[in-house]
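Participant: Dropping a prediction and its sequence here:
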Amino acid sequence: MQINSIHLPTLAKYGIRREDLFDACVSQQVGAWVLANCISQFGATWKSVGCYYAGPASKNTAAQVGYVEDVKRFYEGYRRQQAEAQAKAQITQVNTASAVVATTDKE
């Protein structure tokens, strides 16, 4: 996960340095911790996503809104890909079932 440098002073209190965040496991744990703190403060809202990016005390709403819009756009892209994959899987199932029926009809 990507951790904004705004969080480094808080992380330093827990012995986590910038270099530590290049470890994928540490980065994921810290990212989840940062997001969980934002969710506990703001609820399961898009504001929490903005908080994850800019920090809980940030007054930079433009940065938060910009980040949230990026996340929403990527999220919608992933949802669209998932829907397309499910549709293809259903078509494959229908085609397979049709082939089985056609084979059984010939017998």
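Facilitator: Now that the structure is in, tell me what you want to look at. Residues are numbered from 1 along each chain as shown.
Participant: which strands and helices sit next to the helix or strand containing residue 87?
Facilitator: Assigned by DSSP states H and E, residue 87 belongs to helix 61-106. Helix 61-106 sits against helix 46-54, with contacts defined as 3 or more C-beta pairs under 8 Å, 6 or more residues apart in numbering; DSSP states H and E. Bear in mind the C-beta positions are built from the backbone N, C-alpha and C, glycine included.
Participant: Outside of the helix it packs on itself, list whatever touches it.
Facilitator: Residues outside helix 46-54 that contact it (C-beta atoms under 8 Å, 6 or more residues apart in numbering): 4, 6, 31, 34-35, 38-39, 41-42, 58, 60-61, 63-65, 67-68, 71-72.
Participant: next one: the helix holding residue 87 to chain centre, how far?
Facilitator: With C-alpha atoms, centre = their mean, to the nearest Å as the basis, helix 61-106 stands 17 Å off its chain's centre.
Participant: and what of stretch 51-69?
Facilitator: Computed by C-alpha atoms, centre = their mean, the chain-centroid distance of stretch 51-69 equals 16 Å.
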